[in-house]
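Engineer: A predicted structure for the sequence below; I have some questions about it.
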Amino acid sequence: MDFVRQNSMLVIDVDKREFEGIVMINTDYPIESLNILLNEDCLSDRFHSLISIRENLIIGLKSFGCVTKSDAARMSDDELAGIMLHDEVTVKLFRQFLTIYDPKPQKFKEITKLTSDPAERAAFMELYHLPGVRFTRAYLYYHSGYKTLQDFLETTVEEVLSKTATTISSKNLTCIVPLPKEVRTHIAVAKAFSR
């Protein structure tokens with residue numbers, strides 16, 4: 001897979017790509033998805049300053065013709081500073097935000113080592129696109145009925161927590177139920193990546 005480095009950021013801008021046999025989901029979400037992702041329920045505190053300027057940021061990015069995340073990444077620091085990101089610290093923070101939901105291709109390599117079941121492997125490949133999901137969480141989600149990003153679009157935080165708790169109990173697993181914020185983030189990212 002070819003990655004393009006733009007303004008200190010790796011950009012993937014096609015629907016699906018293959019990296020050493022791994023199908024990557026398009027993470028180049030539409031600018032409108034900033035409404036979903038720039039949310040205190042999904043972000044660490046260091047990004048909260050971007051939430052208050054979210055609407056104006058979207059308007060500003062659109063005024064520069066940005067349709068997707070990669071369009072925003074291609075903007076110069078001066079252009080970004082002109083649209084509500086008034087200083088270089090905020091511009092740098094926004095550039096970091098643009099990459100926080102990008103899956104690291106290296107983490108996908110462990111899947112083939114940890115499961116030989118083709119259906120499970122395919123589901124894990126998709127679930128690994130969610131931030132922080134590795135084998136244990138993917139296994140829990142898969143056996144709780146969440147096998148695709150689409151499954152997260154059709155559920156609620158409470159339902160995920162309930163189903164995963166049931167799976168842990170019924171399979172006598174040693175992992176813990178995901179935190180509500182983790183599930184909210186997974187649902188938000190699934191929505192952003194599915195647009």
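Structural biologist: Thanks, I have the structure now. Residues are numbered from 1 along each chain as shown.
Engineer: for stretch 93-107, could you pull out the residues that count as buried?
Structural biologist: Judged by neighbour count using 16 or more other CB atoms under 10 Å, the buried positions of stretch 93-107 are 93-95, 97-98, 101-103, 105. Using the backbone N, CA and C atoms, a C-beta is placed for each residue, glycine as well.
Engineer: and the helices in this protein, which stretches?
Structural biologist: Chain-ordered helices for the chain, with DSSP state H as the definition, fall at 34-37, 48-51, 54-63, 69-74, 77-81, 88-99, 105-114, 118-127, 135-143, 149-153, 157-170, 180-193.
Engineer: domains for this protein, by residue range?
Structural biologist: Domains of the chain are assigned by automatic domain parsing as 4-99, 105-193.
Engineer: going by mean pLDDT, which of the ones you listed comes out lowest?
Structural biologist: Per-stretch mean pLDDT for the domains of the chain is lowest at domain 4-99 (a mean of 82).
Engineer: can I get the helices of the chain in TSV including distance to Ile25?
Structural biologist: Converted to TSV, these look like this (distance: least, CB to CB, whole Å):
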stretch	distance to Ile25
helix 34-37	15
helix 48-51	24
helix 54-63	22
helix 69-74	13
helix 77-81	26
helix 88-99	16
helix 105-114	11
helix 118-127	7
helix 135-143	14
helix 149-153	7
helix 157-170	19
helix 180-193	6
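Engineer: so which of the ones you listed gets nearest Thr27?
Structural biologist: Of all the helices of the chain, helix 180-193 sits nearest to Thr27, with 5.9 Å by CB to CB.
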